[in-house]
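1. How does the following fold in three dimensions:
(chains A and B)
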Amino acid sequence: MLCILGIYALTGSAQTPQPKDTTDAALAQYRQMLQEANPADLYVAKGQALWAQARGPKAQSLRTCDLGLGPGVVKGAWVRLPRYFSDTGRVQDLESRLITCMHDIQGFDEQELIDLDFSKGERLTIAQLAAYVSSESEGMPFNVPQTNPVEREMYAIGQELFYMRAGTHDFSCASCHTQDGRRIRLQDLPNLSTPAGAGFAFGTWPAYRISTGSIWSMQQRLADCFRQQRFPKPKFASPATIALSVYLGVNASGQVAQAPGLKR
Amino acid sequence: MFKLAMNLLVRKCQSSKFAQVNTGYGVVRAIHSKKYLLSLILVLAQPLLTSCSLFDQSVSGSSFDSHLIEQTHSVVALSFEAKGQAGLDRLKQDRTQEFCSTQRGFKGSTSATNALDPQSSQNNSIGQLTEQLRLENLAMIQQPKDGNYLGDFKRGELIAQDGRGKTWTDPQGSVNGGNCYNCHRLSKNEISYGSLGPSLYQYGKLRGITSLDVYLTKVKEGASDPLIQYTWGVLMNSKAYDLCTVMPRFGVTSSASAHEQNSPILTQEQIKDLMSLLLDPRSPVND
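-> Have a look, this model is predicted:
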């Protein structure tokens, strides 16, 4: 809605239909204006403080959390996630890895974290931590590993899920996200099968969403995609959403990380 | 099951791309053993499907592997939960959904005129399968009981604008929208339209409905008019015309789930209103 108001404000004409290129240019201008003061930066600062703060039943900070590059290494970790972790024996994305650290180091109950609603309580903490961790890879190219056979299989499963048509509307992810330059209403649809499209989508979440006035993580973004796909709800940090993240992250190889982003 | 059959075939032709490793998601593999047997029967019943090269042509960008399909089923089984009206049974695919999951080119029609053409008659097994499934979808289309195919274009416009319905946040039993503007341009004055589908602006006018007289004649002819028949068919079940189109099947139930079999996305009355939105010369679409 804000988006549409923005176009009207910028074009100065709410009555005359605009040609497509004018509409796109107006949208791009509107986004750029907002990007200069992205509210997501507040969440990055909050996440950074939470990372260093002694919290949870064990009153520990996350400074020893291993995001894949060794205990406590945050810089560059996000562009190499999801990846296989030998201590948990599975492929984890940033958010599921944060849950592991919050459980192992701080003593939080893993299942409780998974069962919470998005943007509430400790799940808001996870989103804020994700905003911070992702910001520490800003400008770096994606390099999601495919060295481990489990990582390769998760990519293949993610691809299957991407093309899986089901539900009342026969939709798959691919229904909307396999062509360049298409829109839903005025919303651009990235082509997630290409490096540029996957880089734009995977590389800009977590993001501040203007329409909801909150920070959204990749897991939340994927869950809402499935909602609009008319699928049942994916569980938080489920193997399906992690597999899809592997698919997107690997497709985004070489693309530059820009998170946290700013979205409609 | 259907997909597994195809995958078994392809597997004979291609070496497995992905090593069989334990991802921890193989827990429900045993459940699928019965499906293998059924799949083999299906394979034997479809001797024309056995050409490897045909699959190579039509299935792009991915190596199909029955083990991978099982792993994916396992991941799906572990990952989703029912919420609101969106039950887990929505993940059960019908034959069309299974088949179209393997057809990985973009299947949106680029123009509404092209969609009028019958399914491209590929002289190969995939083509035959496509045709078989398309006819299954064609058989699902019901004609209006009163023989009247048209409604009110003003109501149609509201249905076209409304994108609600069938998600886990929509109340069960609430009226669903048609979501038309999400993908199509329709009326001249609505600039917020998507571009996944072809423009439907002047749909009726471009197809010869240039006056109210012509329109009223078509209304009278009803099912015997090809344009009425086609437009009704596409709105009811788009898959009867272009099997793997991204357009939902609005008037029939696409889900294999039992409890939704009598609950298509739109009612026949709503589809009649959309018919008028597209065909009535007084509709903003034909402005």
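
2. Just the closest residue of chain B to chain A, please.
-> residue B:79 (3.5 Å; C-beta to the nearest C-beta). (Glycine included, C-beta is placed from N, CA and C.)

3. In terms of pLDDT, where does that residue sit?
-> Looking at residue B:79, its pLDDT is 98.

4. Make sure it is actually in contact with residue A:239.
-> Yes: Residue B:79 is within contact range of residue A:239, at 5.5 Å (criterion: C-beta atoms under 8 Å).

5. Please identify which of these two sits among more neighbours.
-> More neighbours surround residue A:239 than the other of residue B:79 and residue A:239, with 27 against 23 (other C-beta atoms under 10 Å in any protein chain shown).

6. give the contact list for the nearest residue to that one once chain neighbours are set aside.
-> Once flanking residues are discounted, residue A:239 sits nearest to residue B:75: 4.6 Å by C-beta to C-beta, 6 or more residues apart in numbering or on different chains. Residues in contact with residue B:75 (C-beta atoms under 8 Å, 6 or more residues apart in numbering or on different chains) are A:157, A:161, A:239, A:240, A:243, B:25.

7. mind checking how far the fourth one is from chain B?
-> Counting by C-beta to the nearest C-beta, to the nearest Å, the gap between residue A:240 and chain B amounts to 3 Å.

8. With the first one instead?
-> Going from residue A:157 to chain B by C-beta to the nearest C-beta gives 5 Å.

9. Am I right that that residue sits in a helix?
-> Yes: the assignment for residue A:157 is a helix, going by DSSP: H, G, I helix; E, B strand; the rest coil.

10. Which pLDDT value belongs to it?
-> 98.

11. What of the fifth one?
-> pLDDT, residue A:243: 98.

12. what's the helix or strand that contains it packed up against?
-> Residue A:243 is part of helix A:239-251 when elements are defined by DSSP states H and E. Counting contacts by 3 or more C-beta pairs under 8 Å, 6 or more residues apart in numbering or on different chains; DSSP states H and E, helix A:239-251 packs against strand A:90-92, helix A:149-162, helix A:195-202, helix A:218-228, helix B:66-79.

13. Can you pull out the low-pLDDT segments for the stretch 151-287 of chain B?
-> The model of the stretch 151-287 of chain B has pLDDT under 70 over residues B:254-262.

14. Contact residues of it facing chain A?
-> With C-beta under 8 Å from any C-beta of the partner chain as the criterion, the stretch 151-287 of chain B meets chain A at residues B:166-169, B:181-183, B:188-196, B:239, B:246, B:248-249, B:253-255, B:260, B:265.

15. Filter the residues you listed down to just the buried residues.
-> Neighbour counting by 16 or more other C-beta atoms under 10 Å in any protein chain shown classes B:166-168, B:181-183, B:190-196, B:239, B:246, B:248-249, B:253-255, B:260, B:265 among those as buried.

16. one step back: any chance of the helices and strands packed on helix A:239-251 in a markdown table, plus distance to residue B:272?
-> Listed next are these as a markdown table, based on distance: least, C-beta to C-beta, whole Å:
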| stretch | distance to residue B:272 |
| --- | --- |
| strand A:90-92 | 50 |
| helix A:149-162 | 36 |
| helix A:195-202 | 39 |
| helix A:218-228 | 27 |
| helix B:66-79 | 37 |
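
17. closest one to residue B:156 among those?
-> Closest to residue B:156 of those is helix A:218-228 (C-beta to C-beta; 22.8 Å).

18. Neighbouring strands - and their directions - for whichever helix or strand comes after that closest one?
-> Heading C-terminal from helix A:218-228, the first helix or strand you meet, by DSSP H and E, is strand A:233-234. The strands beside strand A:233-234 in its sheet (DSSP bridges) come out as strand B:80-81 (antiparallel).

19. one step back: so what touches the helix holding residue A:243?
-> Contacting residues not belonging to helix A:239-251 are listed as A:81-82, A:90-93, A:96, A:142, A:144, A:146, A:151, A:154-155, A:157-159, A:161-162, A:173, A:192-195, A:197-198, A:201-202, A:218-219, A:222-223, A:234-235, B:25, B:75-76, B:78-80 [C-beta under 8 Å, 6+ apart].

20. Convert the C-alpha atoms of that helix to CSV, please.
-> In CSV, the C-alpha atoms belonging to helix A:239-251 read as follows (Å, rounded to 0.1, in the frame of the first residue of the first chain):
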residue,chain,number,x,y,z
PRO,A,239,14.8,-29.3,6.5
ALA,A,240,12.6,-28.0,3.7
THR,A,241,13.3,-24.3,4.3
ILE,A,242,17.0,-25.1,4.9
ALA,A,243,17.1,-27.1,1.6
LEU,A,244,15.5,-24.2,-0.3
SER,A,245,18.0,-21.9,1.3
VAL,A,246,20.9,-24.1,0.1
TYR,A,247,19.3,-24.0,-3.4
LEU,A,248,19.1,-20.2,-3.3
GLY,A,249,22.4,-19.7,-1.7
VAL,A,250,24.3,-21.9,-4.1
ASN,A,251,22.4,-20.3,-7.1
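
21. Alright, calling it a day.
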